[in-house]
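In: just need the structure, nothing else, for what follows:
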Amino acid sequence: KDLLLDAIRYGQDPEVQARMFQKVDGALDSAHIQRILERNALAQETMGTDRLFKVKEDMEKAEARRLQPYFVRSFFLRAFGALGGVLHRREAERFEVSFVPEKIRDRDRVITGRNRRDSSPVLRRYERICFAKEAIQPLGRPGLGRAELVHPGHPLLLALSDVLLEQHANLLKQGVVLVDRADEGDQPWLLFLLTHEVKAGDGTVLSKRLQFVRVRPDGQASFAGWAPHLDLDPLSADEGPLVQDLLQAPWLANGLEQQALALAAAELVPQHYGEVAGRRIAHIDKTLAAVHERLTKEIAHWTDRFEKLTADKAAGKDVRLPLGEVQKRLVDLEDRLESRKRQLLAQKHVTSSTPVVISGALVVPEGLLKQWKGEAPAGAAFSADAAARARIEKIAMEAVRKAEEALGRTVKDVSAEKCGWDLTSYLPAVDGKLPEELHIEVKGRVKGASTVTVTRNEILCAFNQADKFRLAIVLVDEQDQPEGPYYLEQPFDSEPGWGVSSINYDLSALLKRAWVLRGKA
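Out: As a prediction, the model looks like this:
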């Protein structure tokens, strides 16, 4: 009251204005208002920079983990042809499906309704399909019709996958022997494929994730990455006899599957559950509070209205709204409040299923095969070579980190997280915007080497990450002094074929296309 009176009487006096502004600013608790907004906001439009940065980082990792267009396309083309489907490549990244086999269309009719978002049927033919959003309606070519986007939830891909699983699910349990062509070590290991589900209280599957676990002969288990199988090859005809003795090794019968399950239960499952449950529970708590507040206010309003109408009728006044209608509305609102509470509390109850092993593979490193063939040294000499390679990779990583930081960028090592690249480099923020980031795959090579090996997974990640991806090559001399790093944008021209797990690129050809980081930001 005093502030209002002073404003009316002396509002033109600069000293009075300054004193009033000071009092108002001191009375405003902006932190308290922010807490109220965050508590009541169902959609978090009011996020600070730190939270936005964390969400952006999580989204980048989730983007790397999901089934990307190149992976989906590679799988679909191979599987669709194996089941008798006929398709032809037309425009860039677009295909015409001239015939969908009857077995796939029949399977679609069987599985329709299995918690599918897309209920459209599988057709006999498709004029155009594609696997990337950019190819649905290419820019600058209005004459081309729209293409059907085939993704993991599309009915055609769902039916195709279901038929394949029915025909070959038994092979998953039998397991397989694979070769890691990029591993020059001599230590074989087991790769276990597990599946884990997080469900709501009503049984709805909120998230289902494949998890890969590596188990060494001594029982040591570790996370193997998000798609390690893409970098592995089947045994060739002449390599099969070499591993027969290894298949009889005693350590394979030591219950190593339990080690994989133990690691998943201790690390991977809690991480998956925390990601899903944390977001869901927080959202439902806010929804529950908002529903309770809105409906209780509505109930209070109609209760007050009912009491006033009852008093007016007792006093002999004309009551326009029948009391029975008001009472019925009150009962409906109370029932709705209880129903919504039960529904939301059931959704809030998030459960974690037990991880299940669905397949396994014995992985033989290329270095061990070379030893058996007599193409590589054995014993201490071989161990020394492996240690030298690890040292070179470490020097290369450090060289790239220093070069990035010299440009004022923040660098994070994500090689242990198996994202598909080694370093994430955050560019300086501009005009208060969130910093852009680069995904850097580091390759360290001895100076004088002629080739560099890149795995199928790394090549596909490069295509999927597009402009964000960088290939950094560092040359290391005999005194462990690095040269470079040499950077390449969009380093690969084409994706590898289905049976190719890695490609040896000519190092000199790559370096001709590269630039030294200090010469280009």
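In: list the neighbouring strands of the helix or strand V198 falls within plus their orientation.
Out: Using DSSP states H and E, the element containing V198 is strand 189-199. Its sheet considered, strand 189-199 pairs with strand 205-215 (antiparallel), strand 351-352 (antiparallel), strand 356-365 (antiparallel) by DSSP bridges.
In: mean neighbour count and distance to L330 added to those, as CSV?
Out: Heads up, the C-betas are built off the backbone N, CA and C, glycines and all. Shown next, in CSV, are those (neighbours: other CB atoms under 10 Å; distance: least, CB to CB, whole Å):
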stretch, mean neighbour count, distance to L330
strand 205-215, 18, 35
strand 351-352, 15, 36
strand 356-365, 18, 50
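In: mind putting these into a markdown table with distance to A237 and mean pLDDT?
Out: Listed next are the strands paired with strand 189-199 as a markdown table, based on distance: least, CB to CB, whole Å; pLDDT from 0 to 100:
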| stretch | distance to A237 | mean pLDDT |
| --- | --- | --- |
| strand 205-215 | 27 | 89 |
| strand 351-352 | 44 | 90 |
| strand 356-365 | 15 | 93 |
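In: nearest to N464, of those?
Out: strand 205-215 (17.5 Å; CB to CB).
In: can you name the residues in contact with the closest one?
Out: Strand 205-215 is contacted from outside by 115, 189-200, 221-229, 256, 259-260, 263-264, 268, 272, 275-276, 280, 350, 355, using CB atoms under 8 Å, 6 or more residues apart in numbering.
In: roughly how far apart are the residue nearest to V442 when sequence neighbours are not counted and A249?
Out: Leaving aside its chain neighbours, V442 sits nearest to D422 (4.5 Å; criterion: CB to CB, 6 or more residues apart in numbering). Distance of D422 to A249, computed by CB to CB, to the nearest Å: 32 Å.
In: ok, now I440?
Out: I440 is 38 Å from A249, by CB to CB.
In: farthest residue from the center of this protein?
Out: Centroid-distance maximum for the chain: G316 at 68.7 Å, with CA atoms, centre = their mean.
In: secondary structure class for it?
Out: coil (DSSP: H, G, I helix; E, B strand; the rest coil).
In: and the pLDDT for it?
Out: What the model reports as pLDDT for G316 is 83.
In: show me the contacts for the spatially closest residue to L330 that is not a sequence neighbour.
Out: What sits nearest to L330 in space, not counting adjacent residues and going by CB to CB, 6+ apart, is W302, at 5.1 Å. By CB under 8 Å, 6+ apart, the contact set of W302 is V326, R329, L330, L333.
In: I figured the first one was touching D304, is that so?
Out: No - V326 sits out of contact with D304 when judged by CB atoms under 8 Å, with a separation of 10.4 Å.
In: these two: who's more crowded?
Out: Using other CB atoms under 10 Å as the criterion, V326 and D304 rank with V326 on top: 19 against 10.
In: could you check the pLDDT of that one?
Out: Reported pLDDT for V326: 87.
In: ok, now which ones touch it?
Out: V326 neighbours (CB under 8 Å, 6+ apart): W302, R305, F306, L309.
In: do I392 as well
Out: If a contact means CB under 8 Å, 6+ apart, then I392 has G444, R445, V446, V476 as its contacts.
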